[in-house]
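predicted model and sequence below, questions to follow.
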Amino acid sequence: MNGSAIAASGLRKAYRDKVVLDGVDLEVRTGTIFALLGPNGAGKTTTVNVLTTLLTPDAGKAVVAGHDVVTETSAVRAAIGVTGQFASVDDLLTGEENLLLMADLLHLPRAEGRRAASRLLDRFELVEAAGRPVASYSGGMRRKLDLAMTLVGTPRIIFLDEPTTGLDPRSRRTMWEIVRELVADGTTIFLTTQYLDEADQLADRIAVLDQGRLVAEGTSGDLKRRVPGGHVRLRFADRHELDVAARVLRESTRDDEELALRLPGDGGVRALRALLDRLDAHSVEAEELSVHTPDLDDVFLALTGHSPKEADAR
């Protein structure tokens, strides 16, 4: 587990003549959050199912927690936890009973199972609802309980397959906080999501999957820099300063109403220093400087040919 928690190369999966995964390579470092983005039907859930031993790849190799997903399925399953798009909880049981049932399924001693249930109910702020049937829980509460059940076995690696789909903004932010806490404790998170802001907020590295192929991978900043449209915006105190700056920075676009100039650029330190030096040489001082880069929506559109909303409708 030193270094890579998950490593895959050449993963392929097809159903008759439909290729779902077409040579997927990826690596997830231990103790990080890796986000897999892609439109519906891109192969995200299939990737998770292969890595969690629920599907056997037609070709390629994947190692999770140091174990081969095909030849060492039991060892892989012992090291991971999986939370899907829909909470897999029993509505007829209470929250506490769901956790105790999971402890029994994992063959934990009764006292240890009760301690785990009590600790997780407290961690996920479900103590007051512990004795209520899960049928009475809100969507956010059900999702938190589902993740809590995943943690009963203290997995080193957790797969979250679109865990906040359908949640309200407050519940989503709560889930984000929980995910960050897990990683701070050393857990590795493999996240699939259709929410680009979620990947932007959480992920150390992001991969974009489209039609079964990884079309890009890197940090959020890396991906944004691949898309044109970044610019620097300078705002000035008065019209005179704007006039002088516009003569100095002839490549800029002027906004008289806002007393601002816009220049193409990615906001790199050297470029910004050179820009300010040019203004300083003419005794011009900007009142405000801001750097604007493309967001992940722009990246998604550039890499897959459609916006996330269009992708969801497919």
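Yes, it's here.

could you check how far the closest residue to Leu37 other than its chain neighbours is from Val28?
Leaving out its chain neighbours, the residue that sits closest to Leu37 by C-beta to C-beta, 6 or more residues apart in numbering is Val208, at 5.0 Å. C-beta here means a position set from N, CA and C on the backbone, and glycine is covered the same way. Distance check for Val208 against Val28: by C-beta to C-beta, to the nearest Å, it reads 15 Å.

wait, is Ser49 part of a strand?
Small correction: residue 49 is Asn, not Ser. No. Asn49 is assigned helix when assessed by DSSP: H, G, I helix; E, B strand; the rest coil, not a strand.

doesn't Leu55 make contact with it?
Yes. Using C-beta atoms under 8 Å as the test, Asn49 is close enough to Leu55 to be in contact (4.1 Å).

more neighbours, these two?
Using other C-beta atoms under 10 Å, the more surrounded residue of Asn49 and Leu55 is Asn49, with 20 against 17.

any idea how far that one lies from Gly84?
10 Å.

do the same with Thr45
Taken as C-beta to C-beta, the span from Thr45 to Gly84 is 8 Å.

identify the contacts common to the two.
Counting by C-beta atoms under 8 Å, 6 or more residues apart in numbering, the contacts common to Thr45 and Gly84 are Asp161.

Gly166: how many residues sit nearby?
Gly166: 12 neighbours (other C-beta under 10 Å).

so it is in contact with Arg142, correct?
No. If you go by C-beta under 8 Å, Gly166 and Arg142 don't touch, sitting 10.2 Å apart.

just the helices in this protein please.
For the chain, the helices defined by DSSP state H cover 44-51, 73-79, 95-105, 110-123, 139-150, 169-184, 196-202, 220-225, 239-248, 269-281, 296-304, 308-312.

could you give the angle of the longest one to helix 139-150?
What separates the directions of helix 169-184 and helix 139-150 is an angle of 20 degrees, with axes from the mean of the first three to the mean of the last three C-alpha atoms, to 10 degrees.

good, wrapping up.
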